[in-house]
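> Show me how the following folds:
(chains A and B)
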Amino acid sequence: MQTDFLSMNNITKVYPNGIVANDGVDFSLRKGEIHALVGENGAGKSTLMKILFGLEHPEEGEILLKGESIHVSSPNVAIEHGIGMVHQHFMLVPSLTVAENMVLGSEPRRGIYTNIKKAESETLELSRKYNLTVEPSARIRDLPVGIKQKVEILKALYRGAEILILDEPTAVLTPQETKELFEELHLLKEKGSTIIFISHKLHEIKELCDRLTIMRNGRSQGVFNVADVTEKEISRLMVGRDVILEVDKGPAAPAEISLKVRNLTVVNDFGKNAVNNISFSLRKGEILGVAGVEGNGQGELVEILTGLQRINFGSVEIEGENIAGKTIKEIRNLGTCHIPEDRMTYGVAETLDIEQNLLADKHDSPRFTGKILTRPKVIRENSLKLIGEYRIKCGSPLEEVKMLSGGNIQKVVVAREFSSDPKLIIADQPTRGIDVGATEFIRKRLVELRDEGSAVLLVSADLNEVMELSDSLIVMYNGEITAFIEDVRSLSEEELGLYMLGIKKQTDGEIGRALHV
Amino acid sequence: MADFFNIIFSVDFGYAVLRVTTPILFAAMGALISDKAGVINIALEGMMLISALTGVIMSALSHSAGLGLLGAVIVGALVGMVLAYFALNLKTDVILAAIAINLIAMGGTVFVLFMVGGDKGISSSLASKVLPRIDIPLIRSIPVLGPILSGHNILTYLAFLSVWVMYIFIYRTPLGLRIRAVGENADAADSVGISVRKIQYTALILSGALAGFGGAYMSMGYVSWFSKNMTAGRGFIALAAEAMGGATPHGAMFTSLLFGMFDALSNSLQTLRVPAEFIQMIPYLATVIGLVIYAANKTEQIKRIQAHQNREARKGAQEVKLL
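Residues are numbered from 1 along each chain as shown, chains lettered A, B, ... in the order given. A predicted model of the protein is given here:
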């Protein structure tokens, strides 16, 4: 019987707003294992890891490391005990070099100076030891996401981490990068590290991890050997019912063109062509996926289509009208709706209540506004109807949006956007970082709207999502379209990865089929 | 017009540029260090004013210019600490707290001046000291350059030395590294156990101390007395210089020199028959124009690149039509 290397016993955490994030949770780690921690958003896994890393303090419970009780009062203490965390949002300083980021906070010195040479040689040594290749003198801002993540892992190792907490590390990676990461994690495990792997992606857990702890509603649902449970069982334990992760959808029936993009070029603030001369069409009744590693022009494309940014060159027609010079409101009036990538900035006003957020795009509609004042009764009816229809979990329509979980906030956004009879839906990362239940719901709605004749542009970094949900697919790399896949079912994940990394590119003729002319 | 050029192309003018750049340069370095730490200090103006008065009073009481300088710098640092306390402990907006300090300095210095010196305008009743000028032996005898570079107040040399010290400090020392990290991504710094608050305190205190040097120079070098509102916006000009200098020590030095030049120009042109009010406007006008050019230049760069890209795209478009 292996003894526990680390155990967290009966952890209870109640936030000041009364939400019980952890309710008597037990969690244990064996030395040298890769342990998955899964659960929906708001299930309490982030809170549990924040407690372990000293960012939050539990009301009850104790943490035992190697049999001894420890009190983790701050990240510093966690680091001293050999616990390191790789955050989902990288904790790196862009203008500093890799080596400078590595040693930040515990810099080697030579006299009054920082000993940069030593910092670089130590970085190199560590990167060789764990086969995490990085260039010590490169600046973080010049590096791709995959490398940044390696720097984060190395940073934790540099500080002597024996236990590594990885918070959804694959969310931002391509399949190839993910594969590389898994190899690196296996090597780390061989060298004696213990890894906690937080993820939503069940197939990754099956592939990588030894054991897993499932959380639901702030409680642990038990610890399992990964080999002993199926993906279905895991997801049932996560959400408490069977979830159909495969999207149930019939073939598309594309009709006339709704969105027409021709020779679109967008220059970003740094003078780079973020979108470089792309052309495609989107027809009613189909879902066109836009795949690609983040930061390859998808964001800019969406900003153009929704009117958040001006067109530099090229043309965009929505429902037969050129949107050049049109305001966001006018574009919306053409029947466009937008699920933004960053829901907290563009999707909701977090300090307003649910009702006001649901009304945000309809505040001037005669249905809700009288001659001078708004019509509270109609507005309340509308909010209650949408809350019910979209199963938004809340106490009342007057609850502040920021008190909701990520999945429910997204449902507020989706409810508002979908309730205005959209002809064109721009869905940018519609299910990012939200729980399986809400994800399933939103995907289903997208398919329903497609079948009702809406045109859907689905931008997603989640490969499963684009591949499952889209009828056709364009792949973006470096601001250009590298491939148009007419029938997504014919595409393998590996091939998609090659297009995403720009290793493979279709001929102009093949890409030109995306115009549907 | 000939008079104008006679003024500009004279040794005296060159000397004057360095002389009037000094307080701007100190304050610009103060702006730089706080900017790097992510807590912009717009109280430099008030800090300089308070330090200028402190220097006069301290040197008059102690009969020592050195102690006057020390007092000015310490008080500057203390005001920096007060700003830090408001902004970091009490969580007031750092801009609002700084505006309050500027306003307090404006009225408070006059009040204290009246209490100590019995005059609301000028400290002529106080026997304050002046910091020494330094003649540099070899450089002094170089033609043209000698009289421009030699014979300045010791603080003028210290100001230019501070640019180099600042460079080493920010880019070569561990504390400088931490300051940059905090200013750019405070969460990242926090996650490796750096106390963001401690670093920002340090930066604001150093910023205040640098403003203290600038203030001491105003009343104990530039002139030998304190007068009401004698900094006359130099703290704000320094903020503009720091921004235009691209937030680097040497960049800020060059823009400080540029603004110093206009300041010197407004001093020298007063001998010409141009309305004094117009001439006194020059340094501030130069600041506004400088910032406009700086901003326009940045936009222009982007536009140029865009135009180029558009041409390329048009070419591409024709190719697509041919398909």
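> pLDDT below threshold where in the stretch 51-200 of chain B?
Applying pLDDT under 70 to the stretch 51-200 of chain B flags no residue at all.
> For it, which segments count as helices?
Secondary structure of the stretch 51-200 of chain B, counting by DSSP state H, counting those that start in this stretch: helices at B:65-84, B:94-117, B:137-140, B:145-149, B:154-172, B:174-184, B:186-191, B:196-217.
> how about those, which one is nearest A:Pro136?
helix B:174-184 (14.6 Å; Cβ to Cβ). Any C-beta I mention is one placed from the backbone N, CA and C, and that applies to glycine too.
> okay, the closest one in CSV with CA atoms only?
Extracted C-alpha coordinates of helix B:174-184, given in CSV (Å, rounded to 0.1, in the frame of the first residue of the first chain):
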residue,chain,number,x,y,z
PRO,B,174,17.6,42.6,-9.0
LEU,B,175,15.4,45.4,-7.5
GLY,B,176,15.2,47.0,-11.0
LEU,B,177,14.1,43.7,-12.5
ARG,B,178,11.4,43.4,-9.8
ILE,B,179,10.2,46.9,-10.4
ARG,B,180,9.8,46.2,-14.1
ALA,B,181,8.1,42.9,-13.4
VAL,B,182,5.6,44.6,-11.0
GLY,B,183,4.9,47.4,-13.4
GLU,B,184,4.2,45.1,-16.3
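> is it anywhere near chain A?
Yes: Helix B:174-184 is in contact with chain A by Cβ under 8 Å from any Cβ of the partner chain, via B:Pro174, B:Gly176, B:Leu177, B:Arg178, B:Arg180, B:Ala181, B:Glu184.
> just curious, which of those is nearest to B:Gly260?
The nearest one, if we look at the residues of helix B:174-184 next to chain A relative to B:Gly260 and count by Cβ to Cβ, is B:Gly176, at 25.8 Å.
> nearest spatial neighbour of the closest one, skipping sequence neighbours?
Excluding its sequence neighbours, the residue lying closest to B:Gly176 (Cβ to Cβ, 6 or more residues apart in numbering or on different chains) is B:Ile170, at 4.1 Å.
> Can you give me the neighbour number for that neighbour?
20 (other Cβ atoms under 10 Å in any protein chain shown).
> check contacts around the one residue in the stretch 1-150 of chain B that gets nearest to chain A.
Proximity of the stretch 1-150 of chain B to chain A (Cβ to the nearest Cβ) peaks at B:Lys36, 10.7 Å away. Contact analysis of B:Lys36 by Cβ atoms under 8 Å, 6 or more residues apart in numbering or on different chains lists B:Ile170, B:Ile179, B:Arg180, B:Gly183, B:Ala203, B:Ala247.
> Contact residues of the stretch 1-150 of chain A facing chain B?
A:74-76, A:79, A:85, A:87, A:89-96, A:100-101, A:104-107, A:109, A:112-114.
> Can you flag which of those residues belong to strands?
A:Met85, A:Arg109, A:Tyr113, A:Thr114 (DSSP state E).
> thinking the first one is in contact with A:Met49, fair?
Yes: contact between A:Met85 and A:Met49 holds when scored by Cβ atoms under 8 Å: they sit 7.0 Å apart.
> of those two, who's got more company?
Between A:Met85 and A:Met49, counting by other Cβ under 10 Å, A:Met85 is the more crowded of the two (25 against 22).
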